[in-house]
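Chemist: I need the structure of the sequence given here:
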Amino acid sequence: MQLAQISPAIYQTQANKDRVRSELSNSLDISRLLKEIDSRPGLIGAGVVYFNGFDVLIVREFEPVCQIKPINVIIRAVPKNIVTASQPTNGALELQNQPMYSAVREATSTGIACGAAVLSWVVIIGSGMAAVPTAGASAAITVLGYSAAFASTAQCLVGAGRTGAVFAGNEDSLAWLDSTAWYNKTMIALDVVSIVGAGSAAATSIKTLQNLKAAGSASVLQAMKQMPRHERKRLTETIIRQMHPGISNAALKAYVRAGVYPARYTATQVSHSLKMQLADAVGATLSFSGSAMSGVIRNPSQAKELVFGISSTVNAL
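Modeler: Purely as a prediction, here's the structure:
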């Protein structure tokens, strides 16, 4: 800001000058400021002008101590309603944007829940289609898997309703709903079931990686494309031994000759099962993310009054 731009406002009464000086004195130590300015070689004797947005106060006239060309230090008061780095938003702006924040939060939670629900049903349907009479080639369809899928679906539907209520301006209804004990306990129960299902999916994925490593597979991606015959044979034997701990080689071969188990799973079965488990792992990640954002993982104390029991047996690929 140039001094010429504010100079017309210099002509004011003495009372007004005293008021502006008092205003400046309340904000900083004028004497200390002048000493600080004069301690800079290039600013010795510089004029000091204060401008509060309406009035101008010449704190000190320019003194040609070290230079002839006038130089002035302009002090500008920050308007009260201006957004600064230290005060990014004011109360009115925060209140105005609150509906948008709520809508984004609800929509994000809904998207995560619906994504987890879709992947859960894709895995359940896909695993059923890939299931073979001998079992083990695809992820087992268990009560736990169905429970997690239903829980995620319920969370998706509730989230969609909440998002619609926010966009419709019915935040008061949501506030009342959030204050009811039955609703909170129901949502906590759904969250816990989905988390347990996600944990089961994660455990199955880890077991699958261990089985692939035991079979000598170079990588999951390679196994999804085309797993060699000898690796599929070792993988099949590994799965049979896990289903029958302590089984002898003779008994294993007898099962295979009798057609109870295949000599080796087909490349298509292995590939499809790995794709289903990859989808299951992504769904588990979404479930954990949703809970971490607004569920039991974010606030574990929510579930202290609830007890859950789920029994399930999961066979990994």
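
Chemist: hey, where'd the helices end up in the stretch 151-300 of the chain?
Modeler: 171-178, 181-214, 220-226, 229-243, 249-257, 267-294 (DSSP state H, counting those that start in this stretch).

Chemist: Figure out which of those is closest to residue 40.
Modeler: Within those, the stretch nearest residue 40 is helix 267-294; the backing value is 51.3 Å (Cβ to Cβ). Yep, even glycine has a C-beta here, placed from its N, CA and C like the rest.

Chemist: and residue 47, what are its phi and psi?
Modeler: phi -70, psi 150 (degrees, to the nearest 10).

Chemist: In contact with it, which residues?
Modeler: The contact partners of residue 47, by Cβ atoms under 8 Å, 6 or more residues apart in numbering, come to 3, 58, 60-63, 70-73.

Chemist: tell me the SS of the spatially closest residue to it that is not a sequence neighbour?
Modeler: Spatially, and ignoring its direct neighbours in sequence, residue 47 is nearest to residue 62 (3.6 Å; Cβ to Cβ, 6 or more residues apart in numbering). In three-state terms, and counting by DSSP: H, G, I helix; E, B strand; the rest coil, residue 62 is coil.

Chemist: Kindly provide the distance from residue 62 to residue 49.
Modeler: 10 Å (Cβ to Cβ, to the nearest Å).

Chemist: mind showing which ranges of the stretch 1-150 of the chain have poor pLDDT?
Modeler: Low-confidence segments of the stretch 1-150 of the chain (pLDDT under 70): 1-12, 78-99, 101, 127-143.

Chemist: Okay, strands next: where are they in it?
Modeler: 47-51, 56-60, 72-76 (DSSP state E, counting those that start in this stretch).

Chemist: Pull up the pairing partners for the last one, direction included.
Modeler: Strand partners for strand 72-76, identified by DSSP bridges, are recorded as strand 47-51 (parallel).

Chemist: that older thread, residues in contact with the residue nearest to residue 47?
Modeler: Contacts of residue 62 (Cβ under 8 Å, 6+ apart): 45-47, 70-72.

Chemist: change it to 10 Å
Modeler: Counting by Cβ atoms under 10 Å, 6 or more residues apart in numbering, residue 62 touches 3, 45-49, 69-73.

Chemist: Is it possible to mark the buried ones in these?
Modeler: When the contacts of residue 62 are checked for burial by 16 or more other Cβ atoms under 10 Å, the buried set is 3, 45-49, 72-73.

Chemist: For the residues you listed, work out which two are farthest apart.
Modeler: 3 and 45 (15.3 Å).

Chemist: Pipe the helices of the stretch 151-300 of the chain into TSV and attach distance to residue 158 per row.
Modeler: Below are those laid out as TSV (distance: least, Cβ to Cβ, whole Å):
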stretch	distance to residue 158
helix 171-178	10
helix 181-214	7
helix 220-226	35
helix 229-243	38
helix 249-257	47
helix 267-294	12
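
Chemist: Tell me which of the ones you listed sits nearest to residue 150.
Modeler: Once these are compared by Cβ to Cβ, helix 181-214 is nearest, at 8.0 Å.
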